[in-house]
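Asks: quick one, structure for this:
(one chain, ligands or ions: 1)
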Amino acid sequence: MKILVSACLLGRKCKYNGGDNFNEKVAALQTGHEVIPVCPEVAGGLSVPRLPCEIVNGEVINTAGESRDREYRLGAEKCLAIAERENIDLAVLQSRSPSCGVKNIYDGTFSGRLIEGSGVFASLLTENGFRVLDVEDF
Ligand code: SF4
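Replies: Sure thing, here's the model as predicted:
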């Protein structure tokens, strides 16, 4: 299988705070499958580290109140193009991220409350017919 994954799950230090979300089960996929890591936020031109963002009334905003919507959507489009080019079978994405979250995202108040919903990249993949799995369900 060809599996696209959030790059931070493989240990890439692309999280907003310079850390990663290394996941042993995801890393083990590299034996026997073709694993394609992407980070849509970095692909959209954002730096590491960067201020965290949430989706506020449909727009991606950071904790300083600045819009990062353009970067998030650009990065999601670039990574969608990779998914299409590679003809992936599945995407396994990091939970709760405003880009990669599949089931839940933060509610846009920067208070740690979760709501049902998905991030910009996960939504775009789903809209384009790709099978997307939250790493917590993997
Ligand atoms: S955008 Fe996705 S791949 Fe990049 S750090 Fe956030 S969760 Fe990981």
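Asks: when you work out contacts or count neighbours from here on, use the C-alpha atoms and nothing else.
Replies: Noted.
Asks: now check stretch 56-69, is it near the ligand?
Replies: No - using CA under 6 Å from any ligand atom, stretch 56-69 never reaches the ligand; the gap is at least 12.4 Å.
Asks: same check, this time on stretch 124-138
Replies: No - residues of stretch 124-138 contacting the ligand under CA under 6 Å from any ligand atom: none, with a closest distance of 10.4 Å.
Asks: and that stretch, what's buried?
Replies: 124-125, 130, 132-135 (16 or more other CA atoms under 10 Å).
Asks: next one: stretch 47-54
Replies: Buried, per 16+ other CA under 10 Å, within stretch 47-54: 50, 52-54.
Asks: distance check, the nearest residue to G18 once chain neighbours are set aside against the ligand.
Replies: Distance criterion CA to CA, 6 or more residues apart in numbering; nearest residue to G18, sequence neighbours excluded, is P49 at 5.0 Å. Distance of P49 to the ligand, computed by CA to the nearest ligand atom, to the nearest Å: 10 Å.
Asks: then P49 would be within a helix, right?
Replies: No - P49 is assigned coil when assessed by DSSP: H, G, I helix; E, B strand; the rest coil, not a helix.
Asks: next up, the contacts around it.
Replies: For P49, the contact set (CA atoms under 8 Å, 6 or more residues apart in numbering) comprises 14-18.
Asks: hmm, which of these are the buried ones?
Replies: Buried among the contacts of P49 (16+ other CA under 10 Å): 14-16.
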